[in-house]
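> next one to model:
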Amino acid sequence: MMDFTLENIFVILSFVISWLVMLESFLLEKNGGKLPLDNQPFMIASLISSAWSVASLLAWWLLSFTGLGLVVVIVYPLYSLLGFIYSTVLIRDAKVLRPEDLVLPVKYLHFCRSFGLVYMLLCLCALAERMGMLQLW
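Numbering: from 1, shown residues only. Purely as a prediction, here's the structure:
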């Protein structure tokens, strides 16, 4: 049985965030790579997943993670930073004046969706480790 410590709750919420990352990517791809600014679920998912970067940094600083839980807390801000750099490189030549005119390349959307899937699996493994069902080291 797993204790409901702040570290465990963080990993559980990270699992939810992984689904939001995949949802964002799906909605963007469905909209041709354009930001669906009139789509409330997209806007909520985007806001929450963006805020999760800050939450992850704070959790890393304030909580005591071990094993795969430590990987969960470190990987998300790293993904956000690398995603920002990658998207900047992909759209550096685009002449966009308004956010609604921006078209994100499919490569970037696949990067996000792939991360969401891997992050979800990482969260599941971290939870299994915390419950004593998985031992890696």
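> just checking, what packs against the lowest-mean-pLDDT helix or strand in the chain?
Lowest mean confidence among the helices and strands of the chain (mean pLDDT, DSSP states H and E): helix 67-90, at a mean of 92. Judged by 3 or more CB pairs under 8 Å, 6 or more residues apart in numbering; DSSP states H and E, helix 67-90 is in contact with helix 6-30, helix 40-62, helix 106-130. Yep, even glycine has a C-beta here, placed from its N, CA and C like the rest.
> ok, now which ones touch the nearest residue to Ala45 once chain neighbours are set aside?
Of all residues not flanking Ala45 in the chain, Leu20 sits nearest, at 4.4 Å (CB to CB, 6 or more residues apart in numbering). For Leu20, the contact set (CB atoms under 8 Å, 6 or more residues apart in numbering) comprises 45, 48-49, 116.
> follow-up on the earlier one: contacting residues around the least confident helix or strand of the chain?
7-8, 10-11, 14, 17, 50, 52-53, 56-57, 59-60, 63, 65, 104-105, 107-108, 111-112, 115, 119, 122-123, 125-126, 129-130, 134, 136-137.
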